[in-house]
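Engineer: Curious how this folds, go ahead:
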Amino acid sequence: MQNTLKASVTFEGVGLHTGKPARLVLNPAPANFGIKFKRTDIALGNTLVPALWDHVERTALCTRLFNAAGVTVSTVEHVMAALAGCGIHNALIEIDGPEVPILDGSSAQFVRGIMARGIQRLGAAVSAIEVLKPVTVTKDGATATLLPCDRLMIEFHIDFEEQAIGRQSRVLDLRNGAFVRELCDSRTFCRRADVEAMQASGLALGGVPGENAIVFDGSEIESGEGLRHSDEPVRHKMLDALGDLALAGGPLLGHYVGDRAGHALTNTLLRELFATPGAARRVDCDVAMAARLPGQGLVLSEIPSPTRRVA
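Structural biologist: Numbering: from 1, shown residues only. Next comes the predicted model:
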């Protein structure tokens, strides 16, 4: 069955790139509504922005959605990952500005809010997107691939010159609440040189090293409380990938493989998937298929503690 929230939940913080205060409210929605953002700070015109792959402006630093009226909402990937990871298929997301609050740089606070309110089953079957044949896109040495699979698998490989990151790889089966246990608390990260360059360009104005982002500089790590996982960077890339894949218009049944991939390349992959004849099809999930979707088997007590750290 499709799911929504049992009650609304509110989050407040600042945008990572704008640095401006933002208030976001996740609201229940009926079956087949999907996920939509609503800009409450805009009084006139079409203020609904669908959370769909063909409404994405492909940028390197975040995922930005737009509608036909030119209304945008950016940095949607963390809240989209939380919704997908908790098995929420329908929600109206009200937001009073152009950027989703970054909170602690992960999806954990969104997950805790959703789980605290509870999940409501709706009287309609989940329509999933089944990958039927391999699709791959590449750009500038990065690759993203979708392979046939009877569940959602995410595999990621990163390679950075920074000694504290280096080469990291991980594969995760997203069944049985795995996103919540393994990925949701992994925070966004960047290199010190990138922070300075972004801020010089008027971006990352809300970024606070150690508070909502991990900053790497050679062998040095600025993470405030310490790393939550020894391989937190690759886990965060997997979190981002789930959020970007959640824009497919339904849960994916496929094996995603990202090698140095980012937001724009993952969106390009979805565009290639839907443009390739016979590469995907929609299927109404039976009980067995639904049991393999992210969010099934989720347990509130399995949400990581905000103080978890390994270093």
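Engineer: isn't Pro134 right up against Leu147?
Structural biologist: Yes. Between Pro134 and Leu147 there is a contact under Cβ atoms under 8 Å: 5.1 Å. In short, each C-beta sits where N, CA and C put it, glycine included.
Engineer: Check the separation of the first and last residues in stretch 130-141.
Structural biologist: By Cα to Cα, to the nearest Å, the extent of stretch 130-141 from end to end equals 27 Å.
Engineer: Give me the buried positions along that stretch.
Structural biologist: Using 16 or more other Cβ atoms under 10 Å as the test for burial, stretch 130-141 gives 130-132, 135, 137.
Engineer: from the residues you listed, which single one is nearest Leu152?
Structural biologist: Closest approach between those and Leu152, by Cβ to Cβ: Val131, at 9.6 Å.
Engineer: beta partners of the residue nearest to that closest one when sequence neighbours are not counted?
Structural biologist: In space, and not counting its chain neighbours, Val131 is closest to Gly254: 3.2 Å by Cβ to Cβ, 6 or more residues apart in numbering. Beta-bridge pairing of Gly254 under DSSP bridges involves Pro148, Leu152.
Engineer: what about Gly254, neighbour count?
Structural biologist: 28 (other Cβ atoms under 10 Å).
Engineer: same thing with the one 5 residues further on?
Structural biologist: By the other Cβ under 10 Å criterion, the neighbourhood of Asp259 contains 17 residues.
Engineer: surely it meets Thr138?
Structural biologist: No. With contact defined as Cβ under 8 Å, Asp259 does not reach Thr138; the gap is 9.0 Å.
Engineer: residues shared between the contacts of those two?
Structural biologist: Common contacts of Asp259 and Thr138, defined by Cβ atoms under 8 Å, 6 or more residues apart in numbering, comprise Ala144.
Engineer: ok, Asp284 to Leu252 distance?
Structural biologist: Counting by Cβ to Cβ, to the nearest Å, the separation of Asp284 from Leu252 is 15 Å.
Engineer: the more surrounded of these two?
Structural biologist: Leu252 (28 against 11).
Engineer: ok, that one touching Leu152?
Structural biologist: Yes. Under the criterion of Cβ under 8 Å, Leu252 makes contact with Leu152 at 5.4 Å.
Engineer: Which neighbours do those two have in common?
Structural biologist: The contact sets of Leu252 and Leu152 overlap at Leu245 (Cβ under 8 Å, 6+ apart).
Engineer: which stretches of the stretch 51-200 of the chain form strands?
Structural biologist: 56-58, 63-66, 72-74, 91-95, 119-121, 127-131, 135-139, 142-148, 152-159, 167-173, 189-191 (DSSP state E, counting those that start in this stretch).
Engineer: quick one: average pLDDT of the second one?
Structural biologist: Model confidence over strand 63-66 averages 97 on the pLDDT scale.
Engineer: cool, the longest one as well?
Structural biologist: Strand 152-159 shows a mean pLDDT of 98 in the predicted model.
Engineer: Send me that strand as PDB with only the CA atoms.
Structural biologist: Taking Å, rounded to 0.1, in the frame of the first residue of the first chain, the C-alpha atoms of strand 152-159 are listed here in PDB:
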ATOM      1  CA  LEU A 152      16.700  -1.100  -4.700                       C
ATOM      2  CA  MET A 153      20.500  -1.500  -4.200                       C
ATOM      3  CA  ILE A 154      22.800   1.400  -4.000                       C
ATOM      4  CA  GLU A 155      26.500   1.000  -4.700                       C
ATOM      5  CA  PHE A 156      28.900   3.900  -4.600                       C
ATOM      6  CA  HIS A 157      32.700   4.500  -5.100                       C
ATOM      7  CA  ILE A 158      34.500   7.800  -4.300                       C
ATOM      8  CA  ASP A 159      38.100   8.800  -4.700                       C
END
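Engineer: Residues touching that strand, excluding its own?
Structural biologist: Strand 152-159 is contacted from outside by 165-175, 233-234, 237-238, 241-242, 245, 251-261, 292-294, using Cβ under 8 Å, 6+ apart.
Engineer: Now with 6 Å, please.
Structural biologist: Here strand 152-159 makes contact (Cβ atoms under 6 Å, 6 or more residues apart in numbering) with 167-169, 171-174, 234, 237-238, 241, 252, 255-259, 294.
Engineer: how about low-confidence regions in this structure?
Structural biologist: Residue ranges of the chain with pLDDT under 70: 203-207, 209-210, 306-311.
Engineer: The residue positioned nearest the centre of the chain: what's it in contact with?
Structural biologist: Centroid-nearest residue in the chain: Gly243, 2.1 Å away (criterion: Cα atoms, centre = their mean). By Cβ under 6 Å, 6+ apart, the contact list for Gly243 reads 77, 80-81.
Engineer: Provide the secondary structure category for it.
Structural biologist: helix (DSSP: H, G, I helix; E, B strand; the rest coil).
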